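Asks: with the input below, show me the fold.
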Amino acid sequence: MEIFTDGACSGNPGPGGWAAILRYGSREKEISGGEEMTTNNRMELTAVIEAVKLLKEPCEITITSDSSYVCNAFIKGWIDSWILKGWRKADKSPVLNPELWQELLDALKAHKYEFIWVKGHDGHPENERCDALAVAEYQKYLN
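Replies: Numbers count the residues shown, from 1 in each chain. Coordinates of the predicted model:
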């Protein structure tokens, strides 16, 4: 299973959107949504959460995102440290969005997964599509 995600905000905080593409073989599903007042990081997390929650059985997942915030938490092991420290960072300040991080961990429990970071706005087809969907979602709140 491949999952591609992106989040976007107009202002930070401001109206936000998220989007994901789920791909299994030749089958694809696009999902997206938004919030009237949120942050970019919350939208990045929400995109992954909503995509993973759609999986009906345990899978091997590759999650591709342009969010260093999301990817590095797993690639660099930050999330394990945060949990051990009671959702605190190395400098003892609180981790932002702990409820979303926990929701993501809960959604991922049944799966084997890896995160792959890609540079945003650099021509990656699925990342560009997710960005366009996320932007369209936040634009609904600008009228």
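Asks: how about the helices in this protein?
Replies: For the chain, the helices defined by DSSP state H cover 40-53, 68-75, 78-84, 98-108, 125-139.
Asks: what does the fourth one rub up against?
Replies: Read it as helix 98-108. Residues from elsewhere that reach helix 98-108, judged by C-beta atoms under 8 Å, 6 or more residues apart in numbering: 42, 45-46, 48-49, 52-53, 61, 73, 79, 82, 87, 95. Yep, even glycine has a C-beta here, placed from its N, CA and C like the rest.
Asks: need the max-distance pair from the residues you listed.
Replies: Greatest spatial distance among these (C-beta to C-beta): I61 and W87, at 24.0 Å.
Asks: so for the two, which residue has more residues nearby?
Replies: Set I61 next to W87 and count neighbours by other C-beta atoms under 10 Å: I61 wins out with 19 against 16.
Asks: quickly list what the more buried one is bridged to.
Replies: Y113 (DSSP bridges).
Asks: ok, back up a step: dump the helices of the chain into JSON lines; add distance to N12 as well.
Replies: Listed next are these as JSON lines, based on distance: least, C-beta to C-beta, whole Å:
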{"stretch": "helix 40-53", "distance to N12": "5"}
{"stretch": "helix 68-75", "distance to N12": "12"}
{"stretch": "helix 78-84", "distance to N12": "21"}
{"stretch": "helix 98-108", "distance to N12": "16"}
{"stretch": "helix 125-139", "distance to N12": "11"}
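Asks: hey, which of those is tucked in deepest?
Replies: helix 40-53 (a mean of 24; mean count of other C-beta atoms under 10 Å).
Asks: run through the chain and note the low-pLDDT ranges.
Replies: Scanning the chain for pLDDT under 70 picks out no residues.
Asks: mind putting the contacts of helix 98-108 into JSON lines with distance to K119?
Replies: Formatted as JSON lines, these follow (distance: C-beta to C-beta, whole Å):
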{"residue": "R42", "distance to K119": "21"}
{"residue": "L45", "distance to K119": "19"}
{"residue": "T46", "distance to K119": "21"}
{"residue": "V48", "distance to K119": "18"}
{"residue": "I49", "distance to K119": "23"}
{"residue": "V52", "distance to K119": "23"}
{"residue": "K53", "distance to K119": "27"}
{"residue": "I61", "distance to K119": "21"}
{"residue": "A73", "distance to K119": "18"}
{"residue": "I79", "distance to K119": "22"}
{"residue": "W82", "distance to K119": "25"}
{"residue": "W87", "distance to K119": "29"}
{"residue": "V95", "distance to K119": "25"}
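Asks: since that was my last question, I'll sign off now.
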